[in-house]
Structure formats: C-alpha cells, structure tokens
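Trainee: coordinates only, sequence not included:
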C-alpha cells in the first residue's frame, strides 16, 4: 500500500514537472503565432493602403482638363445634349488626354476615345462579332455613307468627308454620339458609361473624373460671374 502511494506521488510529480516544461513552449508558440498573425494583417493593410494611395495619385495626375480640348468637348456636347465634362472624363480614362504612346489598344480599340471598329462603323457590318475588332478596310471605316448604312457611331465632325476615329474632333463627336444614344442625353450617366465599357471599375473611374471636372466647371463659372 505504501509503495502504491509513493508511486502515485512520483507520477504526480512527474506530471507536474512535465506540465511546467510545457508552459514556456506553449507561451512561445502562442507569441510566434500572434506575431505572424499581426504581421500578416499589417501586410494586408499596407497593401490596401498602398493600392488606395496609388489610385489617389493616379487620379490627381490627370485631374485638370487641357484647355485646348475644352472647345471641342463643349461643341460636341451641345450637339448631342450631354455634359461636356463627361467627354473630358472619358478622354482622360481612355488615353490620358491623348498622351499615351499607343493609339490602338491590344484588343483593337482605336484613337483618342478608343472606339472598337465595329462600334464606330456599325455592328451590322459583315464580320463584326465578339469584341468588335472586325476586319474593316480603312476606306469603309472612315466612310460616313458606310457608317450610316451599318448604324455606326462614327461622325465626320470637321466636314472633310471622312469620319476618322484617330482624328480628335471626329473621335470626340463620335463618343458624344454614342454616350448620348446610350442614355447620357436623358441623364442616365452611369448607364451610358457602362455601355461604353462594361466594367464597374471603369464606371467608377469615369464618374470620379466627371464629378471632379463638373466641380471645376462650376468653380470657373462662379469666378467668371464675380
């Protein structure tokens, strides 16, 4: 009986010693896990913050409308009954006010306002499908009669007999034509922007510049009245 008690006490002491040894190990593992978790969360926050800062910086670098384009925006906007600042916003998003080196995108969008050829000439044109690059000869792509025949949005704005997606006036008037027909003339700005490019991010970015340019326009008008 005495031996059993001694064995029991010895077993209890061994167990206690084992537990005592485990406590520092457990604390260490917990500390390491906590550090890793905090570091991971901090990295996520930093990544998100960096992304947000990049977006803000990217927007601020093009938040002023070049003066030389404003008369074209205004004339096109009056022709099609839409805000000229919406055209400015699209121009900024599409080609950074025509400062980008390439005027043809990887998917085939062309010119300052990045028109897909089939949208410019008309989706009824033979061979127009999928994204709308098509195989349209230049003589047809810039021919107002062909564009009218196939229901395109290309416009000969300067009256030279050619509707050219690479010409600044023609491109901006064509964009005004498309946006107007897509809802902007009725005040459905977001609908029109989404029709131009089926992307929620695109809509968000264009709207940001649209509101920014609208505020600048209002400030200019207030100053002019003083």
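Mentor: Ah, there it is. No experiment lies behind these values; they were computed from the predicted model shown.

Trainee: the spatially most central residue of the chain sits in which helix or strand?
Mentor: The residue lying closest to the centre of the chain (CA atoms, centre = their mean) is residue 202, at 3.3 Å. Taking DSSP states H and E as the criterion, the element that holds residue 202 is helix 200-225.

Trainee: mind listing what's buried in that helix?
Mentor: Within helix 200-225, the residues scored as buried using 16 or more other CB atoms under 10 Å are 202, 203, 205, 206, 208, 209, 210, 212, 213, 214, 217. From N, CA and C alone the C-beta is placed, and that goes for glycine too.

Trainee: equivalent analysis for stretch 71-91, please.
Mentor: By neighbour count with 16+ other CB under 10 Å, stretch 71-91 contains the buried residues 72-73, 76-77, 80, 82-91.

Trainee: who touches it?
Mentor: Here stretch 71-91 makes contact (CB atoms under 8 Å, 6 or more residues apart in numbering) with 65, 69-70, 97-98, 112-113, 157, 168-169, 172-173, 175-177, 179-180, 184-185, 189, 192-193, 196, 206-210, 212-214, 217.

Trainee: and after the least confident helix or strand in the chain by mean pLDDT, which helix or strand comes next?
Mentor: Lowest on mean pLDDT, DSSP states H and E among the helices and strands of the chain sits helix 2-60, with a mean of 47. Sequence-wise, the next helix or strand downstream of helix 2-60 (DSSP H and E) is helix 70-80.

Trainee: re the thing from before, can you tell me which of the buried residues of helix 200-225 is closest to residue 141?
Mentor: The nearest member of these to residue 141, counting by CB to CB, is residue 202 at 24.2 Å.

Trainee: correct me if wrong: residue 121 contacts residue 152.
Mentor: Yes: the pair residue 121 and residue 152 passes the contact test of CB atoms under 8 Å, sitting 4.2 Å apart.

Trainee: shared neighbours of these two, which are they?
Mentor: By CB under 8 Å, 6+ apart, the residues touching both residue 121 and residue 152 are residue 146.

Trainee: nearest to residue 117 among the buried residues of helix 200-225?
Mentor: Residue 117 lies nearest to residue 202 out of these, by CB to CB, at 19.5 Å.

Trainee: low-confidence ranges in the protein?
Mentor: 1-62 (pLDDT under 70).

Trainee: rerun that using 50 as the cut-off
Mentor: 4-5, 14, 17-22, 25, 27, 30-32, 34-57 (pLDDT under 50).
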